[in-house]
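Chemist: Generate coordinates for the sequence data below:
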Amino acid sequence: MQNNSFLKLLFIVSIVAFFASCDKDFNQIGSDIIGADHFGLIQDVSKTVIAYNEATGSVETSNLAINSLGYYNNPFFGKTRASVVSQVILDTINQTIGANPTVTKVELSLPYFSRLKSTDAVTGDNTYELDSVHGYVIVNNKKVFNKIKLSVYESNYYLRDYDAALGFQDAQKYYSGATSDFDIVKNPDRLNDDTNSSQNDEFLYSADEIKTYKSVDGAQVVDKRSPPGMRLKLRNQFFQDKLFGSNASGKFLNNNLFKEYFRGLYFKVDNSSSSSEQGSMALLNFRLGRIIVTYNVTLTSSTGVVSTKEIKFGISLSGNSVNLLENDYKSQYTSGVASNSNTITGAYNLYPKGGDGSMTIIKLFGNQDVRGYSASGLPTTGANGVSDELDDLRNPSDGKKILVNEANLIFYVDKTKMTGTSEPNRIYLYDLNNHRPIIDYFIDNSVASNVKNNKYVHGGIIEKETLSTIVDKRGIKYKIRLTNHLRNLISKDSTNVRLGLVVTESIAITTNSKLKNVTSGTNPINRIPTSSALSPLGTVLFGNNIPTSDPNYANRLKLEIYYTKPN
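Modeler: Modelled structure (predicted):
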């Protein structure tokens, strides 16, 4: 009886422990799967990895899942202004307007990415934390974001669905560097012209809950609570003329007519005079943005009594969009990319940078190819198209095939260069030859409590110092597991493709975005992962080309392989 009870208790505890472990984040599971003693496995960190940089330039940013909006001065990379142009779409087509419409209020709303932290049991007030907003100071252990200058204009640039130059067969592409094309045709009158400067010249991303009120028995009480988001008052007279003026006749029959008539809004950002060298930048889903136009109409009863009625006119920002990026990069970044682009020796530093920035190209096992192996496993002289290091792994001298138990690429952060900067949460490794994830990405179904950390076994998530205060937690390294990719190279003679490394905002996005200009060189690149195009951040990592005498030699890029051999 006692044994049965004990076994039942042990079984219950095991089940609880298993399910609890499934919800842990990457740094608790997947960071050191093998363990410190490695169970007697052979560790090999001697294999060659060549990694170098490639500037990408202007990239396709039309219809991204999320857009950057803000002004951010990165201490290492420099300044970036991120603006957005978005088409507007009618909530209801052919809406009946009514007699003598008079606009009384126009409000634009756009939710932020946020997490609910707590709820006050007495007041019911909710406390939120913003996600994906960069550029802040710490006040009383709380993030306070720097101000920016935000101007909303009518856009007179028509965002087409399809490319006329390609016979309307392909989707129209718009690029990050096209700011001047939109500037010259915008309506110069700012729509968010409220006298409250927090609506424009000193706009501030805030984690505060949004509350609206109503009057009950003469007292103001909370009517509705909403998570943090942008709330802008737009100019009534513009919408009075645009929606109810003489030119609006017949424009509400369908959205094709409406989009041609009202071509969209241009959210243009600059630095605020109150924080001219700082600023902040947020990632936003503009498709969730809405404009509610409140207006009154005249009603006349059958007895001739005249009254007014309030009506809502809904417009969404769910049409085509383009993210416009203006960069004033620092020379330490641009010269760093240029001087660390040697395809033969590799780089001292790696500079993966999102947006129209740069990426890293990686070649496993180096370039040396002076010998090969015959079908019977005997060494031969002369190049065979396979690097010698990989050939040797496929054909071990003792004839015992190795079994790869785990393989990782480990990238250490250059803390000196990244001092005081926002660091990307994740980097993404992919098959550059075929522009797709590697096999380890596909077979990893691990799920974390924060969706940004899904596929944490495959990894690429930043590992930080474990210090107490939020401002002191700096990145140490990123580790990416490519065990199955390496197994296929060694055991299945798969092609040793070039690998690409970029920063990513969402590991779930695996599509690609076209570069405006194809990169130069013998293996030009014409597109990058979309997840990098939408990220405003960058990082500086140590590469492979670090002299043994250099104090950072231990932090060089490593291919770490654990393997066993049959007895």
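Chemist: ok, which stretches of the stretch 1-150 of the chain are helices?
Modeler: All helices of the stretch 1-150 of the chain, identified by DSSP state H, counting those that start in this stretch, fall at 2-22.
Chemist: Please give me every residue in contact with Q240.
Modeler: Q240 is in contact with 101-103, 295, counting by Cβ atoms under 8 Å, 6 or more residues apart in numbering. Every residue, glycine included, has its C-beta placed from N, CA and C.
Chemist: let's go with 7 Å and repeat that
Modeler: V103 (Cβ atoms under 7 Å, 6 or more residues apart in numbering).
Chemist: following whichever strand or helix holds it, which helix or strand comes up?
Modeler: Q240 is located in helix 236-244, with elements delineated by DSSP states H and E. Moving toward the C-terminus from helix 236-244, the next helix or strand (DSSP H and E) is helix 255-261.
Chemist: Okay, buried residues for that next one please.
Modeler: Buried residues in helix 255-261, counting neighbours by 16 or more other Cβ atoms under 10 Å, are found at 258-259.
Chemist: repeat for stretch 302-320
Modeler: For stretch 302-320, the buried set under the neighbour-count rule, 16+ other Cβ under 10 Å, comprises 313, 315-320.
Chemist: Kindly report the same for stretch 65-76.
Modeler: So for stretch 65-76, counting by 16+ other Cβ under 10 Å, buried means 65-74, 76.
Chemist: same question, stretch 162-177
Modeler: 172-177.
Chemist: what's it in contact with?
Modeler: By Cβ under 7 Å, 6+ apart, the list of residues contacting stretch 162-177 reads 58-62, 160-161, 322-325, 355-356, 514, 516.
Chemist: Distance of D189 relative to F262?
Modeler: Noted for D189: a distance of 15 Å to F262, by Cβ to Cβ, to the nearest Å.
Chemist: neighbour-wise, which of the two wins?
Modeler: More crowded of D189 and F262, by other Cβ atoms under 10 Å: F262, with 21 against 11.
Chemist: Test my guess that that one contacts Q87.
Modeler: No - applying Cβ atoms under 7 Å as the test, F262 and Q87 come out as separate, 8.9 Å apart.
Chemist: ok, so what distance separates T298 from L364?
Modeler: Distance of T298 to L364, given as Cβ to Cβ: 74 Å.
Chemist: Which one of these two is surrounded by more residues?
Modeler: Looking at T298 and L364 with other Cβ under 10 Å, you find the greater number of neighbours at L364, namely 23 against 13.
Chemist: Name whatever forms a beta bridge with the more buried one.
Modeler: For L364, the beta-bridge partners are V49 (DSSP bridges).
Chemist: how about the strands in the stretch 301-450 of the chain?
Modeler: Taking DSSP state E, counting those that start in this stretch as the criterion, the stretch 301-450 of the chain contains strands spanning 306-316, 321-329, 349-350, 358-364, 371-373, 379-381, 403-412, 426-431, 436-437.
Chemist: same question, the stretch 1-150 of the chain
Modeler: Ranges of strands in the stretch 1-150 of the chain, per DSSP E, counting those that start in this stretch, are 42-44, 49-55, 67-74, 78-86, 89-90, 99-111, 114-119, 126-130, 133-134, 136-139, 142-145, 148-154.
Chemist: how about JSON lines for the ones you listed, with mean pLDDT added?
Modeler: As requested, these are exported to JSON lines (pLDDT from 0 to 100):
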{"stretch": "strand 42-44", "mean pLDDT": "92"}
{"stretch": "strand 49-55", "mean pLDDT": "97"}
{"stretch": "strand 67-74", "mean pLDDT": "96"}
{"stretch": "strand 78-86", "mean pLDDT": "97"}
{"stretch": "strand 89-90", "mean pLDDT": "97"}
{"stretch": "strand 99-111", "mean pLDDT": "97"}
{"stretch": "strand 114-119", "mean pLDDT": "95"}
{"stretch": "strand 126-130", "mean pLDDT": "95"}
{"stretch": "strand 133-134", "mean pLDDT": "92"}
{"stretch": "strand 136-139", "mean pLDDT": "83"}
{"stretch": "strand 142-145", "mean pLDDT": "86"}
{"stretch": "strand 148-154", "mean pLDDT": "98"}
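Chemist: Pick the most buried one from those strands.
Modeler: Ranked by mean neighbour count, the strands of the stretch 1-150 of the chain are led by strand 67-74 with a mean of 26 (mean count of other Cβ atoms under 10 Å).
Chemist: Which one of the strands of the stretch 1-150 of the chain lies nearest to I402?
Modeler: Between I402 and these, the shortest separation by Cβ to Cβ is 8.1 Å, and it involves strand 42-44.
Chemist: Identify each buried residue in stretch 434-447, please.
Modeler: Buried residues in stretch 434-447 (16+ other Cβ under 10 Å): 435-441, 444, 446.
Chemist: To what extent is the closest residue to A65 other than its chain neighbours buried, counted in neighbours?
Modeler: Leaving aside its chain neighbours, A65 sits nearest to I509 (6.5 Å; criterion: Cβ to Cβ, 6 or more residues apart in numbering). Neighbours of I509 under the rule other Cβ under 10 Å: 18.
Chemist: Verify the contact between I509 and I528 for me.
Modeler: No - between I509 and I528 there is no contact under Cβ under 7 Å: 11.9 Å.
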